[in-house]
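[1] For reference, the sequence and a predicted model appear below.
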Amino acid sequence: MNPRRRPPGAPLLLLVSLLTACGSASTACDGTSPVTWNGDAQPVISRACTGCHGATGAADGLRLTSAAQVRAARARVEASLANGSMPPRGAPALTQDERSQLASWLACGAPE
């Protein structure tokens, strides 16, 4: 099997997970337990994304070191989460919980 090839069911599983996360995002967005940049999204993006999309490098012209930069690239980030293309193989992988956190944060309007 090609190491870059994903199992046939992986995109569907990821889509279901993201839809579930977005469905539960309304609970996280109700003000009682907000998903934030500093508390939730930044630690995940820092660990998994800024090696290539950080202050010293901007692969594909994409820098993800601030909430504003991620908001500006929201469509690209959401697509990468949905299709599993990022992070690439060899980079630190995102867990399902981390993918759900990012999806919830984006669904809540990507607050600071």
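    That came in fine, so what should we check first?
[2] got the contact list for the residue nearest to I45 when sequence neighbours are not counted?
    Nearest residue to I45 in three dimensions, chain neighbours excluded: L64, at 5.4 Å (CB to CB, 6 or more residues apart in numbering). For every residue, glycine as well, the C-beta is placed using N, CA and C. For L64, the contacting residues are 45, 49-50, 53-54, 70, 73, 77, by CB atoms under 8 Å, 6 or more residues apart in numbering.
[3] 7 Å - rerun?
    The contact partners of L64, by CB atoms under 7 Å, 6 or more residues apart in numbering, come to 45, 49-50, 53, 70, 73.
[4] same thing with A75?
    Contacts of A75 (CB under 7 Å, 6+ apart): none.
[5] Quantify the burial of D40 by counting its neighbouring residues.
    19 (other CB atoms under 10 Å).
[6] Quick check: phi and psi on it?
    Dihedral pair for D40: phi -130, psi -60, per degrees, to the nearest 10.
[7] could you measure it against A58, distance?
    23 Å (CB to CB, to the nearest Å).
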